[in-house]
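J.: here's my sequence, what's the structure:
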Amino acid sequence: MLKQLDAQTLSLKQQVAQMVVVRASGTVFDSQIRYPQWEPPNEKLHNWITELQVGGVILLGGSAAELSLRIQQLQSLAKIPLLIAADIEEGVGQRFAGATEFPPPMALSAIQPHDRALELARKMGAITAKEAQAIGMNWVLAPVVDVNNNPDNPVINVRAFGETAIAVSHLAAAFIEGAKPYSVLTTAKHFPGHGDTATDSHLELPTIAHGNKRLAEVEIPPFQAAIAAGVDSVMSAHLRVSAWDEKYPATLSPAILTEKLRKELGFEGLIVTDALVMGGVANFADFRETCVLAVEAGADILLMPQDPEAAVEAVCAAVESGRIPIERIHSALERIGKAKEKACSAPSEEGLTVAVSSPEALETAEAIARESLKSSGVFPLPPLARGETPVNLVVVDNLLNCPFLGSHTAAIAVPTRLGYKLQLIEQQWLNLNELPSGSIIQVFSRGNPFRGSIGLLPNARDCFKNLLRTGRIGGLAIYGSPYVWEWFSNCLPHDLPWIFSYGQTPNSQALVSQILFEGERDRAKKFVGDAFV
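T.: All right, here's what the predicted structure looks like:
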């Protein structure tokens, strides 16, 4: 254990503070903070690190280069090295511009043969860990090992590796194995399985009503595989599992975290809560009580408590009153120390510009995108006749939250250069009954936290059905959710060319554009660089 984490030399308050990980912006200046309700200004963050001595920080926002500077700054303030975490299930570039971004994990389950999918999953894990270490991040909050067997799941969806326990177990284990050579922690989430819910735990508390037999066959095996592969931490789910605990959510349940995960599954690493500001537990009890309950249940790390200082005070008071045995704090501190020994002791040997977005990383991301594509029909689409102005109808879930799209990305730029007229619209406002002959439709839709629903809205489904019946649509591209693609597949004209891509990134768009407009190969290539083949 790290020398600085000796329970004999730390006060109770300092010991408990090491169990707290706070949220902060990955950007350097206060003026850049995007989520002030969760991301404190620098003065407060610095106080949490220097005076309260919190154990870690979870970061979001900024470029990879800026994040590297930010992490150096934060570590320099800490008396005890910090755990630096991020939700980077789709690569470091998912959250921090400039690093490698992969298609969502579910794309891997669509790749055949299975050995090829496992090879790419290992590479994805290795590249994610390598880039994280190069930047200074030491805790990868991935992989998701939930089995997404509910198409209506609004929060897991394509974040899962697949829809079966076997697929998820194998691919998640491969990801963890790929990350092993690097000094970063990996995380299996969300225990005991968030895949079969239709409720977003960011907003409400879902319930899993399955019995022991079903849980043992579907939800638990991927966690067993992750533990066997050497995963460093397990994140709890904010959901109620009726068969195991009718009263408490998993995050607050000793029966689930201690009896099931710790004792029955034999997991000896860190147990971390999902973010405690999420509605699934925030609405269950006062946040101070929630923090105490989580520690009682067996959590070693309290992630994003509403008020870190009050959270520490509440847990300390519970220890001093005898409600929480001091041994519970000491055991958490020991696990945190072991984790920090691994994660905080070995800086990257490669420079940032060498380790991040390397040719191998870009080629791997492109391979996953390309080999998971689905398509049918005759391509490329016929060139436009003189005087024709068909529409490129681009439909998104939220115009204010689609950073993957821009005038420079292939889904918009390539059709525009060919003479298509752009119409960009949110699906909720879709009310077009007819488009010019030869128009194309491109739909970007996937599950996202806080949205509360998934897939196509009823009015959008009706509109798409009407458009497809006209016979004036020349081609269809769907990006993101395979469940949206499956809906379209049931109402497509048999001769309509279509393409489905799990990824929404500029790389994925360029691959789709290559198929749609083969003559635009050279132009599309610029959107992915030398990785385009």
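J.: measure the residue nearest to Asn459 when sequence neighbours are not counted to Thr251 for me?
T.: Once flanking residues are discounted, Asn459 sits nearest to Leu430: 6.6 Å by Cβ to Cβ, 6 or more residues apart in numbering. Yep, even glycine has a C-beta here, placed from its N, CA and C like the rest. As defined by Cβ to Cβ, to the nearest Å, Leu430 lies at a distance of 38 Å from Thr251.
J.: please say which of those two ends up with more neighbours.
T.: Higher neighbour count among Leu430 and Thr251: Thr251, with 33 against 20, using other Cβ atoms under 10 Å.
J.: leaving out sequence neighbours, find the closest residue to the more buried one.
T.: Of all residues not flanking Thr251 in the chain, Ser236 sits nearest, at 4.2 Å (Cβ to Cβ, 6+ apart).
J.: now that neighbour: phi and psi?
T.: phi -80, psi 160 (degrees, to the nearest 10).
J.: partner residues bridging it?
T.: On the basis of DSSP bridges, Ser236 is bridged to Phe191.
J.: I'd say it and Leu276 touch.
T.: No - contact criterion Cβ atoms under 8 Å: Ser236 and Leu276 do not qualify, at 10.3 Å.
J.: in the stretch 51-200 of the chain, which spans are strands?
T.: Ranges of strands in the stretch 51-200 of the chain, per DSSP state E, counting those that start in this stretch, are 56-60, 83-86, 139-140, 187-191.
J.: circling back: contacts only, for the residue nearest to Thr251.
T.: Taking Cβ atoms under 8 Å, 6 or more residues apart in numbering, we find Ser236 in contact with His190, Phe191, Ala250, Thr251, Ile256, Leu257, Ile271, Val272, Thr273, Asp274, Ala294, Ala299.
J.: for Ala365, which three-state class applies?
T.: At Ala365 the chain is in helix, as set by DSSP: H, G, I helix; E, B strand; the rest coil.
J.: where's the closest residue to it other than its chain neighbours relative to Ala510, distance?
T.: Spatial nearest neighbour of Ala365, excluding adjacent residues (Cβ to Cβ, 6+ apart): Phe102 at 4.9 Å. Using Cβ to Cβ, Phe102 is found at 15 Å from Ala510.
J.: one step back: neighbour-wise, which one of the contacts of Ser236 leads?
T.: Using other Cβ under 10 Å as the neighbour test, those are led by Thr251, with 33 neighbours.
J.: and the biggest helix by length in the chain, C-alpha only, in CSV?
T.: Assignment by DSSP state H gives helix 114-135 as the longest helix of the chain. Output of helix 114-135 as CSV, limited to C-alpha atoms (Å, rounded to 0.1, in the frame of the first residue of the first chain):
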residue,chain,number,x,y,z
HIS,A,114,-15.4,-14.3,-33.3
ASP,A,115,-11.6,-14.6,-33.0
ARG,A,116,-11.3,-11.4,-35.1
ALA,A,117,-13.7,-9.6,-32.8
LEU,A,118,-11.7,-10.7,-29.8
GLU,A,119,-8.5,-9.5,-31.4
LEU,A,120,-10.0,-6.0,-32.0
ALA,A,121,-11.4,-5.9,-28.5
ARG,A,122,-7.9,-6.5,-27.1
LYS,A,123,-6.5,-3.8,-29.3
MET,A,124,-9.3,-1.5,-28.2
GLY,A,125,-8.5,-2.1,-24.5
ALA,A,126,-4.7,-1.7,-25.1
ILE,A,127,-5.1,1.5,-27.1
THR,A,128,-7.5,3.0,-24.6
ALA,A,129,-5.2,2.2,-21.7
LYS,A,130,-2.1,3.3,-23.5
GLU,A,131,-3.5,6.7,-24.4
ALA,A,132,-5.0,7.2,-20.9
GLN,A,133,-1.6,6.5,-19.3
ALA,A,134,0.2,8.9,-21.8
ILE,A,135,-2.2,11.7,-20.8
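J.: tell me which residue lies nearest the centroid of the protein.
T.: Glu89 (4.1 Å; Cα atoms, centre = their mean).
J.: give the contact list for it.
T.: Pro104, Pro105, Leu141, Ala142, Pro143, Val144, Arg159.
J.: Ile301 bridge partners, please.
T.: Here Ile301 sits in beta bridges with Val272, going by DSSP bridges.
J.: circling back to that earlier point, which one is the residue nearest to the centre of the chain nearest to, not counting chain neighbours?
T.: Of all residues not flanking Glu89 in the chain, Ala142 sits nearest, at 4.2 Å (Cβ to Cβ, 6+ apart).
J.: kindly state the pLDDT recorded for the one you found?
T.: At Ala142, the model reports a pLDDT of 98.
J.: so where is the protein shaky, pLDDT-wise?
T.: Low-confidence segments of the chain, defined by pLDDT under 70: 1, 3, 199-201, 203, 346-349, 448-454, 519-533.
J.: who has more neighbours, Phe102 and Ala510?
T.: More neighbours surround Phe102 than the other of Phe102 and Ala510, with 30 against 27 (other Cβ under 10 Å).
J.: pretty sure that one is touching Glu366, no?
T.: No - the criterion here is Cβ under 8 Å, and Phe102 misses it with Glu366 at 9.7 Å.
J.: residue boundaries of the helices in the stretch 201-350 of the chain?
T.: Taking DSSP state H, counting those that start in this stretch as the test, the helices found in the stretch 201-350 of the chain are 212-214, 221-228, 254, 279-282, 287-297, 308-320, 326-343.
J.: got a list of contacts for the fifth one?
T.: When you say that, I think you mean helix 287-297. 19, 236, 248, 251-254, 256-258, 273, 276, 281-282, 284-285, 302, 305-307, 310-311, 313-315, 318, 323-324, 328-329, 332.
J.: then the third one?
T.: Counting contacts by Cβ under 8 Å, 6+ apart, the residues outside helix 254 that touch it are Glu296, Ala297, Gly298.
J.: can you give the distance of that helix from its chain's centre?
T.: Centre-to-centre, helix 254 and its host chain are 26 Å apart (Cα atoms, centre = their mean, to the nearest Å).
J.: go on, the fourth one?
T.: Per Cα atoms, centre = their mean, the displacement of helix 279-282 from the mean C-alpha position of its chain is 19 Å.
J.: check which residues of the helix or strand containing Leu422 are buried.
T.: In this assignment (DSSP states H and E), Leu422 forms part of strand 421-426. Burial within strand 421-426, assessed by neighbour count using 16 or more other Cβ atoms under 10 Å, is assigned to no residue.
J.: where's Phe379 relative to His494, distance?
T.: Remark: distance between Phe379 and His494 (Cβ to Cβ) = 16 Å.
J.: repeat for Glu486
T.: To His494, Glu486 is 16 Å away according to Cβ to Cβ.
J.: also Ala361?
T.: Separation of Ala361 from His494 (Cβ to Cβ) stands at 40 Å.
J.: more neighbours: which of these two?
T.: With neighbours defined as other Cβ under 10 Å, Ala361 and His494 compare such that Ala361 has more, 26 against 6.
J.: what about dumping the CA coordinates of stretch 386-402 to CSV?
T.: Coordinates of each C-alpha in stretch 386-402 appear next as CSV, following Å, rounded to 0.1, in the frame of the first residue of the first chain:
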residue,chain,number,x,y,z
ARG,A,386,-28.3,17.9,-64.5
GLY,A,387,-30.9,20.1,-62.9
GLU,A,388,-31.8,17.6,-60.1
THR,A,389,-31.7,18.9,-56.5
PRO,A,390,-32.6,16.0,-54.2
VAL,A,391,-32.3,16.3,-50.5
ASN,A,392,-29.8,15.0,-48.0
LEU,A,393,-32.2,14.7,-45.0
VAL,A,394,-30.1,14.3,-41.9
VAL,A,395,-32.1,13.5,-38.8
VAL,A,396,-30.6,13.7,-35.2
ASP,A,397,-31.9,13.3,-31.7
ASN,A,398,-30.7,16.6,-30.5
LEU,A,399,-29.2,19.4,-32.6
LEU,A,400,-27.4,20.9,-29.6
ASN,A,401,-25.7,17.6,-28.8
CYS,A,402,-24.2,16.2,-32.0
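J.: and the contacts of it?
T.: Contacts of stretch 386-402 (Cβ under 8 Å, 6+ apart): 384, 405, 411-412, 415-416, 419-427, 430, 432, 435-446, 448, 451, 460, 474.
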